[in-house]
Each structure stands twice: as C-alpha cells, then as structure tokens.
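1. Next comes the sequence, and after it the predicted model I'd like to discuss.
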Amino acid sequence: MRGMAAADPARPSLRERKKAKTRAAIRKATYRIAAEHGWEAATTERIAEAAEVSPSTVVRYFPVREDILLTDEDDELLEARLRARPAAEEPLESLRAVVVEAVRTALAEEPEETRLRARLMVEIPAVRARLGETTATTGRRLARALADRTGRGADDLEVRIFTAAALGALREATVLWAEHGRTEDLLVLLNRTVDTLKTGLTPPAHP
C-alpha cells in the first residue's frame, strides 16, 4: 500500500531484536558474575538480578544454566557460511575455514568471555559435560550442510562420523588450549588439528 514501507525480510523483527537483547544481557551478567565470584556464584537468581530480568525469564531463555556459556546464535551463521563455501572445496577445508573464522571473531570481539568460557569448560564438570551435548547439536546442523554439498543424506553414517570427528577434534584442541592456561595461539592449534586429521599421526621430525 502506498505510504507504507515494504518489510525487509532480512531484518529481524522488533520482537526478535528484544529477545536477542535479553539473551545478551543474561550472558553479560553471567560472565561478569562468574569472572568475579566463580561459577557457583552465578545462580539463576543472581543472574536475573544483574540482568534486570526475572528468574523465570533466565530459565525460559536458558533452561540449562550451562547453556548461557555454551550456546549462542552462531550455529545458523556457521551453517550459512558452510553452505557458501566453494562447491569444489574439500569438506574438511570448508569446516576449517568457517570454524577458524568464527573463533578468530570471538577472540577479537569477546576475548575475555572466550577465555573465561574455556577455563570454566576445563574446571567445571557440568560445563564440560554440557559442551559435548551442544557440540552434537551443532554437528547435526552442519551435517545437513555437508550432506547437501556432497550429495549424501544428513543421516548417512559417513556424514555423521565425519562431522562428529572433525568437531570433536576441534573441541579437544580448545580443551588443550584451556588446560595450558590459554597461552598458546588457539588459531594455530585449530589449524594443526585439521592438518592432523588430514595427514594422520606421523612420527615427529628429528633434526
């Protein structure tokens, strides 16, 4: 109708933007409390007070408390970027490209949060256990993209094994980084991980 602007399908709705703002506030409050007082102090009630929302809102957005640390809205973006990689590119190289870029962005934009999350992942068993579940969820999403790229079904054994092995290896590199005090270059470790998956385990070179 004349005088009315056409809706932009790519722009999130006001409701979606409000939800994203609330999720971000809950995350920010959680990281602040965990950094200053430890993970056990980051109770639902304390998070809610710091984020200026109700405890029921925290639970509604994050039914599992550990998910505040481990989940975000990046899975959809990862899938889109994976689908956008060159069709002729090896699947493992495509995964390398999208995961390394996502980690590079996180380290640049949220360095303290990224390092805190890695530390808690090592120190808190519940966070470490939940990481495995969230990685599996991400894996199922990326498996769909890889299946489409390779002409297979998302539930094919080969697709599931490939995706789970690659993401599990990249997760283990992050765990090692955290265990070593986050002093090494995580991007280098991730690239080494992919190289190891490609070449296998070989004896170290001797001078």
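-> Cool, the structure landed. Residues are numbered from 1 along each chain as shown.

2. what's the helix or strand for residue 188?
-> Applying DSSP states H and E as the criterion places residue 188 in helix 186-199.

3. if I pick residue 98, what's in contact with it?
-> 78, 81, 82, 85 (C-beta atoms under 8 Å, 6 or more residues apart in numbering). To be clear about C-beta, it is placed using only N, CA and C from the backbone, and glycine gets the same treatment.

4. Those residues into a markdown table, with extra columns for neighbour count, pLDDT and distance to residue 110?
-> Output for the contacts of residue 98, formatted as a markdown table (neighbours: other C-beta atoms under 10 Å; pLDDT from 0 to 100; distance: C-beta to C-beta, whole Å):
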| residue | neighbour count | pLDDT | distance to residue 110 |
| --- | --- | --- | --- |
| 78 | 18 | 90 | 16 |
| 81 | 17 | 93 | 18 |
| 82 | 21 | 93 | 22 |
| 85 | 18 | 94 | 24 |
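
5. Which strands or helices does the longest helix along the chain pack on?
-> Scanning the chain for the longest helix, with DSSP state H as the assignment, gives helix 125-150. Packing partners of helix 125-150 (3 or more C-beta pairs under 8 Å, 6 or more residues apart in numbering; DSSP states H and E): helix 67-70, helix 74-84, helix 91-109, helix 111-123, helix 157-179.

6. Could you list the buried residues of that helix?
-> With burial defined by 16 or more other C-beta atoms under 10 Å, the residues of helix 125-150 counted as buried are 127-128, 130-131, 134-135, 138-139, 142-147, 149.

7. Name the nearest of these relative to residue 91.
-> residue 146 (5.4 Å; C-beta to C-beta).

8. Report the spatially closest residue to the closest one, excluding sequence-adjacent ones.
-> The shortest distance from residue 146 to any non-neighbouring residue, by C-beta to C-beta, 6 or more residues apart in numbering, is to residue 91 (5.4 Å).

9. Quick one: neighbours of that neighbour, just the number.
-> When neighbours are counted by other C-beta atoms under 10 Å, residue 91 registers 19.

10. for residue 161, same thing?
-> Neighbour tally, residue 161, other C-beta under 10 Å: 11.

11. per-domain residue ranges of this protein.
-> 14-63, 69-199 (automatic domain parsing).

12. how much space between residue 95 and residue 50?
-> Remark: distance between residue 95 and residue 50 (C-beta to C-beta, to the nearest Å) = 36 Å.

13. same thing with residue 20?
-> With C-beta to C-beta as the criterion, residue 20 and residue 50 are 18 Å apart.

14. Ok, residue 59 next?
-> Distance from residue 59 to residue 50, by C-beta to C-beta: 15 Å.

15. Please consider this matter closed, and thank you.
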